[in-house]
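1. Please work out how this folds:
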Amino acid sequence: MLNYHRTVDIQRVFDAYEAELLLVEEKLKKMLQSNALLIPFVGAYILNSGGKRLRPLFLLSSARFAGYKGNDHISLASIIELIHTASLLHDDVVDAAQLRRGMPTAHSVWGNQVVILVGDFLYSNALKTAVSFGNQKVMEALSHATTSMTEGELFQLQKSGDTEITEAEYRRIISAKTGILISSACRIGAIIGGMPSREEDALARFGLKAGTAFQMADDVLDYMAEEGELGKRLGKDLEEGKVTLPLIYLLQSASTSEKQEVKDILSRELSDNGLKRILMLFRHYNVIEESMKRASGLVEDAKSELSIFQPSSHGDEMFELADYALMRQN
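-> Modelled structure (predicted):
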């Protein structure tokens with residue numbers, strides 16, 4: 001049985017895959033090539049905006065964990081990142097977001113029409129490249145992910161500003177939007193490594209839970225990080241009408257009058273004083289700590305999915321990737 005209570009050394013993991021991640025970067029540049037000149041410009045703008053390539057790293061690690069020895073994992077990891085990039089372009093338009101990783105969002109530079117079409121190209125090119133592998137299971141994993149991501153975005157839009165949203169509904173959104181792509185990355189690593197269905201499903205569940213915890217922690221950090229750390233303003237999600245785990249916990253814990261006060265704040269354009277009041281209530285009810293505990297518990301659940309495997313150095317790397325979800329405030 002694997003020991004999943006351990007210290008995080010994420011840099012060791014990035015170092016171990018440095019050469020492969022460089023090949024992923026080269027592949028991504030090729031996948032952005034097009035006679036339509038805006039495609040490479042807009043694609044490179046967001047790809048070079050500081051992402052850590054966590055999703056490709058999940059695929060590379062899973063493939064190695066599964067014993068894969070070939071080179072297809074480079075292109076498949078690039079496909080995962082391209083799908084992620086397309087989703088960011090579309091999400092920023094839907095959310096009318098002005099900043100992404102501390103930089104103006106692509107649609108605020110080139111406009112919605114261009115960015116939507118570039119996002120469409122990235123999705124299409126990613127799936128076209130995937131088809132070339134002739135692997136039905138890989139295509140099923142990718143198509144399931146892209147379908148789920150769209151449904152998740154629509155459900156999030158449906159629940160925008162809804163202070164009655166439940167924790168289960170919130171988890172459904174972040175699982176569908178973030179968890180599923182990391183789950184697919186892990187499943188594809190298992191598929192090309194030739195793992196049996198039981199092991200493949202375990203890796204997919206690991207990715208789903210780790211990815212969901214990653215988004216959960218990101219939503220908590222939205223109330224902790226200043227611009228320049230995570231590249232977004234404090235309370236950005238609240239401005240965009242996203243009711244995430246900290247606010248759900250606050251509404252569960254606050255007194256009746258405080259709940260009404262919070263709802264009144266959210267019913268208007270968010271002011272600095274309104275945000276300060278909500279943050280004060282967060283501190284009073286230990287909302288941030290409780291939210292991070294939930295994310296931490298989900299990481300442990302993710303790691304327990306790998307308990308069917310024998311201990312290995314690559315298994316340790318998978319654990320460190322999952323733990324990284326909780327470490328990014330540093």
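2. Give me the packing partners of the helix or strand bottoming out on mean pLDDT in the chain, helices and strands only.
-> Within the chain, judged by mean pLDDT, DSSP states H and E, the helix or strand with the poorest mean is helix 236-239; its value is a mean of 80. Helices and strands touching helix 236-239, as assessed by 3 or more Cβ pairs under 8 Å, 6 or more residues apart in numbering; DSSP states H and E, are absent. C-beta coordinates here come from the backbone N, C-alpha and C atoms, glycine included.
3. contact partners of the helix or strand following that helix?
-> Sequence order places helix 245-253 as the next helix or strand after helix 236-239, per DSSP states H and E. Here helix 245-253 makes contact (Cβ atoms under 8 Å, 6 or more residues apart in numbering) with 163, 165-167, 170, 216, 219-220, 223, 238, 259, 262, 278, 281-282, 285, 287-288, 290-291, 294.
4. Now that I46 has come up, it's in contact with H84, right?
-> No - counting by Cβ atoms under 8 Å, I46 does not reach H84; the two are 9.9 Å apart.
5. so how far is the least confident helix or strand of the chain off the chain centroid?
-> 17 Å (Cα atoms, centre = their mean, to the nearest Å).
6. and if you look at stretch 93-104?
-> Distance, centroid of stretch 93-104 to centroid of chain: 16 Å (Cα atoms, centre = their mean).
7. Now it: buried residues?
-> In terms of neighbour count (16 or more other Cβ atoms under 10 Å), stretch 93-104 has its buried residues at V93, V94, D95, A97, R100, M103.
8. Show the end-to-end separation of that stretch, please.
-> For stretch 93-104, the first-to-last residue distance is 12 Å (Cα to Cα, to the nearest Å).
9. and K263, how many residues sit next to it?
-> 12 (other Cβ atoms under 10 Å).
10. what's the nearest residue to it if we skip its chain neighbours?
-> Nearest residue to K263, sequence neighbours excluded (Cβ to Cβ, 6 or more residues apart in numbering): T163, at 5.3 Å.
11. swap in G152?
-> In space, G152 is closest to A176, 2.8 Å off (Cβ to Cβ, 6+ apart).
12. Quick check: pLDDT value at that neighbour.
-> At A176, the pLDDT value in this model is 97.
13. Enumerate every residue touching it.
-> The contact partners of A176, taken as Cβ under 8 Å, 6+ apart, are S148, M149, E151, G152, F155.
14. With pLDDT, neighbour count and secondary structure added, can I get those in TSV?
-> TSV is the format used below for the contacts of A176 (pLDDT from 0 to 100; neighbours: other Cβ atoms under 10 Å; DSSP: H, G, I helix; E, B strand; the rest coil):
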residue	pLDDT	neighbour count	secondary structure
S148	97	18	helix
M149	97	24	helix
E151	97	15	helix
G152	96	20	helix
F155	96	15	helix
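15. Surely K242 and F155 touch.
-> No - applying Cβ under 8 Å as the test, K242 and F155 come out as separate, 11.9 Å apart.
16. Find residues that contact each of those two.
-> Counting by Cβ under 8 Å, 6+ apart, nothing touches both K242 and F155.
17. could you pull out the helices for the stretch 1-150 of the chain?
-> Counting by DSSP state H, counting those that start in this stretch, the stretch 1-150 of the chain has these helices, from start to end: 10-16, 18-31, 38-47, 54-65, 72-95, 106-110, 112-131, 136-158.
18. What sits closest to E200 if chain neighbours are left out?
-> In space, E200 is closest to A190, 4.0 Å off (Cβ to Cβ, 6+ apart).
19. For the one helix or strand the one you found maps to, enumerate the helices and strands it packs against.
-> Assigned by DSSP H and E, A190 belongs to helix 180-192. Here helix 180-192 touches helix 54-65, helix 72-95, helix 136-158, helix 197-221, going by 3+ Cβ pairs under 8 Å, 6+ apart.
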